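1. Below are the sequence and a predicted model; questions follow.
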Amino acid sequence: MPQALPPSLVIVADVGGEPFHVGDEAMLEANLAVLRRQDPAVRFTVIGRAAAAMKEREVAAALAEAGGLFISGGGNLSSSWPDLVRQRILWMREARRRRLPIVTGGQTIGPDLTAVERSALAETLPEVESLGVRELASAALALELGVPPERLSYQPDDAFFLAARPPARSEAPGDPDLDQPFLAITLDPSFGLPSSRAGLGRLAAQLARIASETGLHPVFLPHVGPLGSLGDEDGRVGIALRRLLRAEGLGCMLLPVMPPAATVWVTQQAALVVSSRYHPLVFGTAAAVPCLGIYRDAYTRVKLQGALTHVGMATWCLSATAAEEGGLLAGCRHLWNRRDELRATMSQARERLAAQEARRWRRLRARLDGTGEPGEEPETPSLGWLANGRKTILKGSPVLTEEQWNQYSRDGFLHLGKMLEPEALEVLRQRADDLAMGAVWNPDVQMQLDTGGVYEELPAATRSFERPTVLYRKIQGLETDEHFSRLVRHPLCLEICAHQYGAHAPISIFRAMVMNKPAGQGTTLPWHQDGGTVWALDRDPLVTVWVALDSATQANGCLEVIPGSHRLGLLSTHGSTVGPEDVERHCPPERVHPLEVEAGHAVLLHNWLIHRSGVNPTPAPRRAFTVCYMDGRTQSILTGNHFPIVVGSVPTEPYPYVRQLRDDCAHLHSVLEGRKYRRGAVRLAKGLLRRVRARLVAS
C-alpha cells in the first residue's frame, strides 16, 4: 500500500502579491495538484512571498502543527534574491529543529552566492531528505555544498507537466485569434530599457524576417505583471516591440498576463517560442514546441539552458548580444528547418521524463512519511562525474600522489591516465563532428578553419557557421556545450585546480576547445608558451588539461615538449611563439620529447612549458579537448570582465579597499569640479562687471 502523506504540510513558494509571476504560480499549482492526487486528505498551508519578513517565532508557530515542509521549485537560492534565500534557510532550520521531514521541488542553486549564503546553505541543504535541482550546474553546486548524492534529485521544472486549459474570455479579452500558426515571444523588462532600444530594434528587424520566411505571425505573451494587464513589466516591452514591428510592416498581437494553465495552453499552441524568461521554455518544450532562449547574465543562462537540456535542446540558447547581432534569425531558421526532427526528440524526452517523475514522486512521498529506504538508488544517472567528484574532492582525498606532483613540478607535464571510457569518448567525438558539420547549433561556439598553411596566416576564429567541414583547427567556447562542460568539471581536473590555486579559490576557464589535426593536413604549430601579455589577462593561468579524443602519436602530429622548460618562466613578456635565439638555446633535438597519448587519456600541462606540434599525414583526424583553468578572480585587462566560473563564485562587489579608493576618487573629482565651477563663476562675474562698467563710461 502506498504511504499516506503527513496530515498537514507547510509549502513555501514565491507566490502572492504583485507583480503576478506566472512561472512561480505555475510551480505551486502543479505541486498542489500532484500532492492532492497522492493524498486527497492532506491539509496545506501555503507560505508566500509576503512571508519573507516573518520572524523566527512566527515561523515556529506556523510549523507547530505541521507534519513536514515542502519547498516549491524556483530560482530563489541565488544572490539575485537574498531575501528569499534567507527565508528558505530560516524555514529549513526551524523544520530541522523540530525534526520535520523536508523535501523540495526543482531548485536553481547559485551560480552566485555570497560567503554567508554558501555557509548557511552548506549547513541546511545536506539535511534535506530530498533536494530537487533543475540544472546540472545546480547539482554540482549542491554536491559541493555537501548534499549527499543519494538525497539529490535531478529533475525537470515542477511545472513541466502542468495541465493546460484554453483561456476564458475574461482572461484574454478580445477573443484572440490563435488558429493561425504563430511565434510566441516573451521578453523581460531589460529589453525595454533606454540602453536596449537599439538592440530591441535589431531583434524586431529579425523577427520580421522570420515571420516573412516562416509565415508565422508574432504573438507577445507577457509572463510577469498584474494579472490581466498589458502595460506593466513584460507588457511594456511588448508594446515597444509591436511599435517596432509595425515600422517593419508587420502586426503583433499582445496578450495580457494570464493564469498559469491558460498561459501553458497558449504557449503550447505556438509553432515556435522565443523567450528570455525561463518558464515559456518549460511550457513550450513540454509540448515539443521548438524553443530559443535569450539570456543576459550567468544566472539566466544557467536557468534557460537547464530548461532546454531536459529535452535535448541545450544548445538552443544564446546571449542577448549574439541574438541582436543576427543570432536570433539564424537560430530560428535552424529551429524551423529542423522542427520535425526536434519535435520527435522532445516527444521522446517527455516520455522518459514522465516515467522519471512518477518515480520521483513515489520517493518524495516516502521521504515525507519518513519511510523512505536510505539505501535506495537516486534517479540521477546523468550526474555521473559530479557525484564522484564530490566524493574525491570535497572529502579531501587526493587523486594524485605526492610523487606525481613532484614529477609534474620537475617536468612541467604529467600523464594523468584514463579519463574517458569508450562510450563517453565516442559521444564527444560525435559531438565535435556534429558542431563542425552544423548538425548541432551553438551560438557561443567559435570555429577556426585549418588551411594547412603557415601558422601566422591562419584565419581568425569566427562565431558564424560558414559551411559544413571537418577541416577545422579549433572549436572553442565548449564550456557552453552540455557534453563537453561535464568534462570541464571532471573531479580530477577540479582536484588539480584546488592544488594549484588553493582549495577555496574560485576557478574559471580561459578557454575550453577541441583542437584538431584534420586527416592528411594540419598546421605546424611552432615552439611556444601559453601565457604573456598576448592573452590580455591580469595574471597568468598556470595549468591546462589536454584530453586525447583520438590517440596522439608521432605519426599523426602529437605534441612535442621540452621537459622542465616551464621553470624558465616566460621567455618573452608578450608570450606565445618562442624567438629563434631561445629555440636554438632551449630546444635542441636531443631534448625534444614526443607526448604520445592514448585515446581517452589525459595530460596535465604547465602553461609555460615550451611545446609544438606538426602536421597529420594519416587518413584519420587527430583531435583533443583542452581546457585552460585559471584563478576565478582573473580579469581581462581589455574589458575588466571575469571568465566563465567552474567552481565557487566571484564577489560582484569590489573588495573594500577598492570600493574605498573609488569613493575617494569620486569625492576628489567632485571637489575639483566644484573648484573649477567656482573659478569659472568668478571669471564670468568679473567679465560681466567689466562690460557693465564700460557701458556706464560710454553713456
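-> Done, it's in.
2. Phi, psi for the closest residue to Ile562 other than its chain neighbours please.
-> Of all residues beyond its chain neighbours, the one nearest Ile562 is Ile610 (4.4 Å), with distances taken as CB to CB, 6 or more residues apart in numbering. All C-beta spots, glycine's among them, are computed from the backbone N, C-alpha and C. The phi and psi values for Ile610, taken as degrees, to the nearest 10, are phi -70, psi 130.
3. what about Ile610, distance to Met513?
-> 20 Å (CB to CB, to the nearest Å).
4. Nearest residue to the middle of the protein?
-> Val302 (3.1 Å; CA atoms, centre = their mean).
5. Can you give me every residue that contacts that one?
-> When contacts are counted by CB atoms under 8 Å, 6 or more residues apart in numbering, Val302 touches 108, 110-111, 135, 137-138.
6. of those residues, the lowest pLDDT goes to which?
-> Lowest pLDDT within these is found at Ala137 (81).
7. does it sit in a helix or strand, and which one?
-> Assigned by DSSP states H and E, Ala137 belongs to helix 136-144.
8. Columns distance to Pro226 on top of the contacts of Val302, output as a markdown table?
-> As requested, those are exported to a markdown table (distance: CB to CB, whole Å):
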| residue | distance to Pro226 |
| --- | --- |
| Thr108 | 25 |
| Gly110 | 30 |
| Pro111 | 31 |
| Glu135 | 30 |
| Ala137 | 33 |
| Ser138 | 31 |
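9. hmm, back to that, distance-wise, check the residue nearest to Ile562 relative to Pro506.
-> Distance of Ile610 to Pro506, computed by CB to CB: 29 Å.
10. Looking at the two, which one has more neighbours?
-> Ile610 (25 against 20; other CB atoms under 10 Å).
11. How far off centre is whichever strand or helix holds Val547?
-> Using DSSP H and E, Val547 sits in strand 543-548. Put simply, strand 543-548 sits 22 Å off its chain's centre (CA atoms, centre = their mean, to the nearest Å).
12. neighbouring strands for that strand, and are they parallel or not?
-> Partners of strand 543-548 in the sheet, by DSSP bridges, are strand 601-606 (antiparallel), strand 622-631 (antiparallel).
13. For the stretch 501-650 of the chain, just list every one of the helices.
-> 580-586 (DSSP state H, counting those that start in this stretch).
14. remind me which residues of it are low pLDDT?
-> Across the stretch 501-650 of the chain, nothing is flagged by pLDDT under 70.
15. could you redo the last one with a cut-off of 90?
-> 501-506, 516-526, 531-534, 557, 572-577, 614-617, 619-621, 637-642, 644-650 (pLDDT under 90).
16. Could I get the full set of strands for it?
-> According to DSSP state E, counting those that start in this stretch, the stretch 501-650 of the chain carries its strands in the segments 507-517, 525-529, 543-548, 559-561, 576-577, 593-595, 601-606, 611-613, 622-631, 645-647.
17. Make CSV out of those and add distance to Leu183.
-> Formatted as CSV, these follow (distance: least, CB to CB, whole Å):
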stretch, distance to Leu183
strand 507-517, 33
strand 525-529, 46
strand 543-548, 41
strand 559-561, 48
strand 576-577, 46
strand 593-595, 51
strand 601-606, 44
strand 611-613, 47
strand 622-631, 36
strand 645-647, 34
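18. Nearest to Gly249, out of those strands?
-> strand 507-517 (42.5 Å; CB to CB).
19. Next, the buried residues of the closest one.
-> Neighbour counts over strand 507-517 (16 or more other CB atoms under 10 Å) mark 507-517 as buried.
20. strand partners of it, parallel vs antiparallel please.
-> Here, using DSSP bridges, strand 507-517 pairs with strand 472-476 (antiparallel), strand 622-631 (antiparallel), strand 645-647 (antiparallel).
21. how about the residue nearest to Ile47 when sequence neighbours are not counted, what does it touch?
-> Nearest non-adjacent residue to Ile47, counting by CB to CB, 6+ apart: Val12, 4.7 Å away. Residues in contact with Val12 (CB under 8 Å, 6+ apart) are 47, 51, 69-72, 87-88, 91.
22. And His334, by the same measure?
-> Listed by CB under 8 Å, 6+ apart, the contact set of His334 reads Trp441.
23. tell me the SS of it?
-> helix (DSSP: H, G, I helix; E, B strand; the rest coil).
24. Distance check, it against Ala439.
-> In terms of CB to CB, His334 sits 10 Å off from Ala439.
25. So which residues of the stretch 251-400 of the chain form strands?
-> 253-254, 272-275, 291-295, 317-319.
26. lowest-confidence stretch among these?
-> Looking at the strands of the stretch 251-400 of the chain, the weakest mean confidence is strand 317-319, a mean of 84.
27. can you give me how far it is from the chain middle?
-> 10 Å.
28. partner strands of that strand, parallel or antiparallel?
-> Short version: by DSSP bridges, strand 317-319 pairs with strand 291-295 (parallel).
29. who touches the partner strand?
-> Counting by CB under 8 Å, 6+ apart, 187, 272-276, 280-281, 284-285, 301, 303-305, 307-308, 313, 316-320, 323, 328, 331-332, 335 sit against strand 291-295.
30. Now do the closest residue to Leu420 other than its chain neighbours against Ser636, distance only.
-> Closest residue to Leu420 apart from its sequence neighbours, by CB to CB, 6+ apart: Gly600 at 4.1 Å. Look at Gly600 and Ser636: by CB to CB, they are 33 Å apart.
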